[in-house]
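Q: 3D model of this:
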Amino acid sequence: MKRWPLVATFVLFIALCISAAYWAMQWFKPPLRPVVAPPQAGQSALRLDAAAALFGGRQAIATSGNFQLRGVVVANNMTESVAILAVDGKPAQAVRVNAEVMPGVKVSEVQPNYVLLSEKGDIRRIDLPEDVKRQAKVGAANAPSQKK
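A: Numbers count the residues shown, from 1 in each chain. Purely as a prediction, here's the structure:
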């Protein structure tokens, strides 16, 4: 029991050290900076027409305003197919696959109802107008069959 005063003094000294350290940290800590949430990136509006093809709807036609598809000639070999295009209201011209329509714009694919143009890696789809599609169907039905 003779050591109780020594143990009590030691415990109180430790408590004093802890208290002094705590209050020193409270007094000398740097001021808090206000925390601001990062700005939210604006989400682009969802295009429902882009998902229409998934559910049986008609795909949106992504056309460039200065190109008009007047006709197509689809060959068995896709590199020999030709698109008839009018650019900027000028007279229509026949352009083969992988040929330039105008500088930087190439015909990348020709299909019976549309043409894909590649402009600096951006693919644009140009569809045939409905009246040209109807004329092509009527012309194909009236064409004489060639038998050998």
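Q: downstream of the longest helix along the chain, the next helix or strand is which one?
A: For the chain, the helix that runs over the most residues, judged by DSSP state H, is helix 4-28. Heading C-terminal from helix 4-28, the first helix or strand you meet, by DSSP states H and E, is strand 67-73.
Q: so what touches that next one?
A: Strand 67-73 has contacts (Cβ atoms under 8 Å, 6 or more residues apart in numbering) with 81-87, 92, 94, 101, 110-115, 117, 124, 126-129, 132, 136. (C-beta placed from N, C-alpha, C; glycine too.)
Q: kindly recompute the last result at 7 Å.
A: With contact meaning Cβ atoms under 7 Å, 6 or more residues apart in numbering, strand 67-73 is reached by 81-87, 92, 110, 112, 115, 117, 126-128, 132.
Q: from Glu109, how far off is the closest residue to Val105 other than its chain neighbours?
A: Counting by Cβ to Cβ, 6 or more residues apart in numbering, Val105 lies nearest to Glu119, which is 4.7 Å off, once chain neighbours are set aside. Distance from Glu119 to Glu109, counting by Cβ to Cβ, to the nearest Å: 13 Å.
Q: repeat for Val73
A: For Val73, the distance to Glu109 equals 14 Å [Cβ to Cβ].
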